[in-house]
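Asker: Based on what follows, work out the 3D shape:
(one chain, ligands or ions: 2)
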Amino acid sequence: MSLFERDSQFKGLKNSFGKDKMPQGQHVTLKFPVLTYGATPTIKTTEWELRLDGLVEQPVTLDWQTFMALPQTTLTADFHCVTRWSMLDKTWTGVHISEILKLVRLTPEAKFVMAHCYGGYTTNMSLDVLNDDDVLLCHSWEGAPLTVEHGGPCRLLVPKRYAWKSAKWIHRLEFMANDSPGFWEQNGYSMTADPWKEERYSDD
Ligand SMILES: Nc1nc2c(c(=O)[nH]1)N[C@H]1C(S)=C(S)[C@@H](COP(=O)(O)O)O[C@H]1N2
Ligand SMILES: [Mo]
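Answerer: Ligands and ions are numbered 1, 2, ... in the order given. Predicted coordinates:
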């Protein structure tokens, strides 16, 4: 099947939140490409930590056991990369963001988040974008642990934004009053990154 035929199968289809299944300018991939800037960090679950800090009353650090003991969610989501591939209908398993946010008390000023990763990658988003129905801190994909190149042992999944917001090797969520650009955002990419508005670059 040609790329054109494959894409045209999704014409007119809507996703679970009522938007076009395939955003403008995207093409379906049957693979799970790897997109990593720089080196791939290898983090053992015995050394992995997630820190919740910034505008919280009391910072919290979770270890792997504590994280895995939280309620688990599996959901089906699409994944749209700004380089124009979209991977559709894959299952992701992890801890829903609402369970993570229950662990801290945010101060009223907290409106934005910086996701910090092992290896130094960062990406920013509003608290509203992070705190959504389909946002998970994932450890598994299609029923198997995430491989290291896809962000194992743990990555963020933000299906409603271009995939650079889905931070691999997540290490820290920093709650902030003001928006501040992460790695790609400092390099000309959009702060908001909505695929249905084709917010690819900072001037879109
Ligand atoms: N830590 C980290 N997270 C990252 C990236 C990265 O380079 N480092 N790349 C981003 C980009 S541009 C995309 S498209 C997705 C790709 O995820 P994948 O490699 O699992 O397909 O991860 C995002 N998260
Ligand atoms: Mo990407």
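
Asker: how about the nearest residue to the closest residue to ligand 2 within the chain, chain neighbours excluded?
Answerer: Using C-beta to the ion, the point where the chain gets nearest to ligand 2 is Cys81, with a distance of 3.9 Å. To be clear about C-beta, it is placed using only N, CA and C from the backbone, and glycine gets the same treatment. With C-beta to C-beta, 6 or more residues apart in numbering as the criterion, Cys81 has its nearest non-adjacent residue at 4.5 Å, and that residue is Ala163.

Asker: so the residue of the chain closest to ligand 2 makes contact with Tyr162?
Answerer: Yes. With contact defined as C-beta atoms under 8 Å, Cys81 reaches Tyr162; the gap is 6.6 Å.

Asker: how many other residues sit next to Ser86?
Answerer: Ser86 has 20 neighbouring residues, counting by other C-beta atoms under 10 Å.

Asker: buried residues in the helix or strand hosting it?
Answerer: Per DSSP states H and E, Ser86 falls inside strand 85-96. By 16 or more other C-beta atoms under 10 Å, the buried positions in strand 85-96 come out as Trp85, Ser86, Met87, Leu88, Trp92, Thr93, Gly94, Val95, His96.

Asker: picking up where we left off before, counting neighbours, go ahead and name the busier of Cys81 and Tyr162.
Answerer: Using other C-beta under 10 Å as the criterion, Cys81 and Tyr162 rank with Tyr162 on top: 25 against 17.

Asker: Let me see the contact set for the more buried one.
Answerer: Residues near Tyr162 by C-beta atoms under 8 Å, 6 or more residues apart in numbering: His80, Cys81, Val82, Tyr189, Ser190, Ala193, Asp194, Pro195, Glu199, Arg200.

Asker: Tell me how many other residues crowd the nearest residue to the last one once chain neighbours are set aside.
Answerer: Nearest residue to Arg200, sequence neighbours excluded (C-beta to C-beta, 6+ apart): Val82, at 5.2 Å. With neighbours defined by other C-beta under 10 Å, the count for Val82 comes to 22.

Asker: go on, Asp133?
Answerer: 12.

Asker: Tally up the residues packed near Trp164, please.
Answerer: 21.

Asker: so what pLDDT did the nearest residue to it once chain neighbours are set aside get?
Answerer: Distance criterion C-beta to C-beta, 6+ apart; nearest residue to Trp164, sequence neighbours excluded, is Trp184 at 4.9 Å. With respect to pLDDT, Trp184 scores 98.

Asker: With Phe4 instead?
Answerer: pLDDT at Phe4 comes out at 87.

Asker: That one should be in a helix, yeah?
Answerer: Yes. Residue state for Phe4 (DSSP: H, G, I helix; E, B strand; the rest coil) corresponds to a helix.
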